[in-house]
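Undergrad: Fold the stuff below for me.
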Amino acid sequence: MNALDIIILLCFIPAIIQGVRKGLVCQIFDIVSVIAGAWLSYRFSGLLCKYAAPYIEASEALMHVIAFAVIMIAAVLIFRLIGKGVEAVVKLVLLGWLNKLLGVVFAVLKTGLILGILIILFNTVNAQFGIVKEETLSSSVLYTPLKDAAYSIFPYFKELLTKI
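TA: As a prediction, the model looks like this:
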């Protein structure tokens, strides 16, 4: 375990706290919002680029990034609103401690997913600029599993990153 692993583990502390605060339902919708947002962004960013190109002067690569971000943010917000509605219904059933406990599990999964995506993006930047030594990355206990998990869930990131 190296310093990189400690930094990664520190990122999970707020997730645990958030899982207790928000509970299971909101955590499920948060995970679904990230996955669906990324998929929708990948699927429709090219279409949005075509429609936005006459109104925004930017390179094609930048347009893809902007379109991806806009669709991702919109999808996450919509799914979170739906989650809030479902959460209100669940509170009527009084799941209590089980809702909070399972909320922690899902918060940790969501944070791992987000960290995996950030690691994929960092790998792209690190390959060009050499910010962190390869031996540090390969000796990390958490870095490679998080990266591999993100690639298995979002295999199209490799293709998207080649466009940028």
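
Undergrad: List the contacts of residue 149.
TA: 112-113, 116 (Cβ atoms under 8 Å, 6 or more residues apart in numbering). All C-beta atoms are positioned from the backbone trio N, CA, C, and that covers glycine.

Undergrad: Any chance of those residues in a markdown table with pLDDT, neighbour count and distance to residue 79 as columns?
TA: Below are the contacts of residue 149 laid out as a markdown table (pLDDT from 0 to 100; neighbours: other Cβ atoms under 10 Å; distance: Cβ to Cβ, whole Å):
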| residue | pLDDT | neighbour count | distance to residue 79 |
| --- | --- | --- | --- |
| 112 | 91 | 20 | 19 |
| 113 | 87 | 20 | 14 |
| 116 | 91 | 23 | 19 |
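
Undergrad: Adding distance to residue 55 and secondary structure, write those residues out as a markdown table.
TA: Formatted as a markdown table, the contacts of residue 149 follow (distance: Cβ to Cβ, whole Å; DSSP: H, G, I helix; E, B strand; the rest coil):
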| residue | distance to residue 55 | secondary structure |
| --- | --- | --- |
| 112 | 37 | helix |
| 113 | 33 | helix |
| 116 | 33 | helix |
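
Undergrad: which one's the longest helix in the chain?
TA: helix 3-52 (DSSP state H).

Undergrad: now the helix or strand following that one against helix 3-52, angle please.
TA: On the C-terminal side of helix 3-52, the nearest following helix or strand under DSSP states H and E is helix 60-93. Computed by axes from the mean of the first three to the mean of the last three Cα atoms, to 10 degrees, the angle separating helix 60-93 from helix 3-52 equals 110 degrees.

Undergrad: and helix 60-93, which residues are buried?
TA: 63-68, 71-72, 75-76, 79, 83, 87 (16 or more other Cβ atoms under 10 Å).

Undergrad: Could you point out which of the residues you listed is nearest to residue 51?
TA: Relative to residue 51, the closest of the buried residues of helix 60-93 is residue 67; by Cβ to Cβ it sits at 8.9 Å.

Undergrad: Can you name the residues that contact the closest one?
TA: Residue 67 neighbours (Cβ under 8 Å, 6+ apart): 41, 44-46, 48-49, 52.

Undergrad: which of those residues lies closest to residue 134?
TA: When those are compared against residue 134 (criterion: Cβ to Cβ), the nearest one is residue 41, at 29.5 Å.
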